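In: Sequence first, then the predicted structure:
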Amino acid sequence: MNTQDYIINDVEPIGLEASIASVQDTFNQLTYSHVAILENGEYLGCLMDTDVHCFDADKTVADYRYAAEAFFVLEDTHWLDILEAFAVYGSNIMPVLDPDHKYLGYYELADIMHLFNDTPFLSETGGIIVVEKGQRDYSFSEICQIVEANEARLLGVFISHLTDDMVQATLKVGHSGINEIVQTFRRYDYEVISSHDEDKFIEDLKERSRYLDKYLNI
């Protein structure tokens, strides 16, 4: 995926000489969380919308240069790392620099998310399974082996939740053999967090519970 095709320059970066009033006006016309700031043509960082609206409108950007956050990605940064940067900095734009740290433009979050939408994890049809296990006990190789041992196609897997003790993994697999995969995960001591209509184990538990309730009510 060539992310460089998504670099845009619809909003010009702002110089230190610009008034805070003009930056506030810029934000009022945009839905962006940040704008890029340049100093003598060099990228300095980004100012945040909520910060700028608290600044004195009569002052200049130079008076608040300390508030600039110097986050960015390089033009050859992988799209997953770009997504991570968006998450870390809570921004919906991401400045892009060349290897010499020259400002090239910025990415919009929606455009990079669109790349994720085109991956088989989202675009291919399949079923989602969420499993949980102790952090010291799980392994990606075991998770993949369980799916493939049931002759199913693994479309993707990622860590969706992490604590000091537990790891939660979200998988997308082909539609065939979901129940068998779920039962195999349980045999390997994984807790299945997701619910599945074809989960015979859960249905058996419900049936036994109904019989027990009927017995106790006799």
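Out: Right, received. Where do you want to start?

In: For the chain, give me the ranges with low pLDDT.
Out: Within the chain, the stretches with pLDDT under 70 are 1, 197-218.

In: Break it down into its domains, please.
Out: Annotated domains of the chain cover 3-116, 122-196 [automatic domain parsing].

In: a markdown table for the ones you listed, including mean neighbour count?
Out: To be clear about C-beta, it is placed using only N, CA and C from the backbone, and glycine gets the same treatment. Below are the domains of the chain laid out as a markdown table (neighbours: other Cβ atoms under 10 Å):
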| stretch | mean neighbour count |
| --- | --- |
| domain 3-116 | 16 |
| domain 122-196 | 16 |
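
In: Tell me which stretches of the chain form helices.
Out: Applying DSSP state H to the chain gives helices spanning 20-28, 49-52, 79-89, 109-117, 120-123, 140-149, 178-187, 200-216.

In: Would you quantify the distance from Asp100 to Glu42?
Out: 10 Å (Cβ to Cβ, to the nearest Å).

In: Thr119 too?
Out: Applying Cβ to Cβ to Thr119 and Glu42 gives a distance of 35 Å.

In: do Leu122 as well
Out: Distance from Leu122 to Glu42, by Cβ to Cβ: 38 Å.

In: same question, Leu171
Out: 45 Å.

In: what's the answer for Gly90, then?
Out: From Gly90 to Glu42 the distance is 24 Å (Cβ to Cβ).

In: same question, Glu108
Out: 23 Å.

In: Which residues does stretch 55-70 contact?
Out: Residues outside stretch 55-70 that contact it (Cβ atoms under 8 Å, 6 or more residues apart in numbering): 14-21, 23-24, 34, 37, 39, 43-48, 51-52, 89.

In: Check the separation of the first and last residues in that stretch.
Out: For stretch 55-70, the first-to-last residue distance is 19 Å (Cα to Cα, to the nearest Å).

In: Quick one: distance of it to the chain centre.
Out: Relative to its chain's centre, stretch 55-70 lies at 30 Å (Cα atoms, centre = their mean, to the nearest Å).

In: Use 35 as the first number for this chain going forward.
Out: With 35 as the first residue, the last one maps to stretch 89-104.

In: Dump stretch 52-60 to CSV, restricted to CA.
Out: Presented in CSV, the C-alpha positions along stretch 52-60 are these (Å, rounded to 0.1, in the frame of the first residue of the first chain):
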residue,chain,number,x,y,z
ALA,A,52,0.6,34.4,12.4
SER,A,53,-1.9,35.8,14.9
ILE,A,54,-3.7,33.5,17.3
ALA,A,55,-6.9,35.1,16.1
SER,A,56,-6.2,33.9,12.5
VAL,A,57,-5.4,30.3,13.8
GLN,A,58,-8.7,30.3,15.8
ASP,A,59,-10.5,31.3,12.6
THR,A,60,-8.8,28.5,10.8
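
In: Could you check how far it is from the centre of its chain?
Out: The answer for stretch 52-60 is 31 Å, by Cα atoms, centre = their mean.

In: Tell me if I'm right that Thr111 and Gln38 touch.
Out: No. Contact between Thr111 and Gln38 fails when scored by Cβ atoms under 8 Å: they sit 9.9 Å apart.

In: Which residue, neighbours along the chain excluded, lies closest to Pro47?
Out: Ala70 (4.0 Å; Cβ to Cβ, 6 or more residues apart in numbering).

In: And Glu158, by the same measure?
Out: Leu189 (5.3 Å).

In: so how far is Ser125 from that neighbour?
Out: Leu189 is 29 Å from Ser125, by Cβ to Cβ.
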